[in-house]
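Asker: Have a look; sequence and predicted model below, questions after that.
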Amino acid sequence: MSQRNLYKKFKAVIHQAGMRNIRFHDLRHTAASLMLNHGIPVLIVTKRLGHSKVSVTLDTYGHLLPGMEQETANFIDKLITPIEVK
């Protein structure tokens, strides 16, 4: 299938689904966001996206990671102190 036909088919499917108009490239951003938000390591996301360096991925999607800081702190806390401290 040519790029042109793929694009036309994509637009038709979006329209039939009643979705707002999005760019084909937006699917890439959605995939990256979903992977990062579900804990896929940045190195794996970088490889999947074909970025040359992790820094490229972090520069683009790093804003998604600050919310994970508290989750990470809680996880480390449970590893270090498995018994509740009162």
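Answerer: Thanks, I have it.

Asker: Under the pLDDT cut-off, which ranges of the chain? List them.
Answerer: Counting by pLDDT under 70, the chain has low-confidence residues at 84-86.

Asker: Helix or strand: which one has the residue nearest to the spatial centre of it?
Answerer: For the chain, the residue nearest the mean C-alpha position is Ser33 (2.0 Å; Cα atoms, centre = their mean). Using DSSP states H and E, Ser33 falls within helix 26-37.

Asker: Mind listing what's buried along that helix?
Answerer: Neighbour counts over helix 26-37 (16 or more other Cβ atoms under 10 Å) mark 32, 35-36 as buried. For the C-beta atoms, the positions are set from N, CA and C on the backbone; glycine is no exception.

Asker: what's next to it, contact-wise?
Answerer: If you take Cβ atoms under 8 Å, 6 or more residues apart in numbering as the criterion, helix 26-37 is touched by 42, 44-45, 48-49, 57, 60-61, 64-65.

Asker: hmm, 6 Å instead?
Answerer: Here helix 26-37 makes contact (Cβ atoms under 6 Å, 6 or more residues apart in numbering) with 45, 49, 61, 64.

Asker: Looking at those, which is nearest Lys11?
Answerer: Of all these, the one with the least separation from Lys11 (Cβ to Cβ) is Leu49, at 23.2 Å.

Asker: and the closest one, how many neighbours?
Answerer: 16 (other Cβ atoms under 10 Å).

Asker: how close does it get to Gln16?
Answerer: 28 Å (Cβ to Cβ, to the nearest Å).

Asker: CA atoms only: put the helix holding Ser33 into CSV for me.
Answerer: Only the C-alpha atoms of helix 26-37 are listed here, as CSV (Å, rounded to 0.1, in the frame of the first residue of the first chain):
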residue,chain,number,x,y,z
ASP,A,26,0.0,11.6,16.6
LEU,A,27,-0.2,7.8,16.9
ARG,A,28,3.6,7.7,17.5
HIS,A,29,3.2,10.2,20.3
THR,A,30,0.3,8.3,21.8
ALA,A,31,2.3,5.0,21.7
ALA,A,32,5.3,6.7,23.4
SER,A,33,3.2,8.3,26.1
LEU,A,34,1.4,5.0,26.8
MET,A,35,4.7,3.1,27.1
LEU,A,36,6.2,5.6,29.4
ASN,A,37,3.1,6.0,31.5
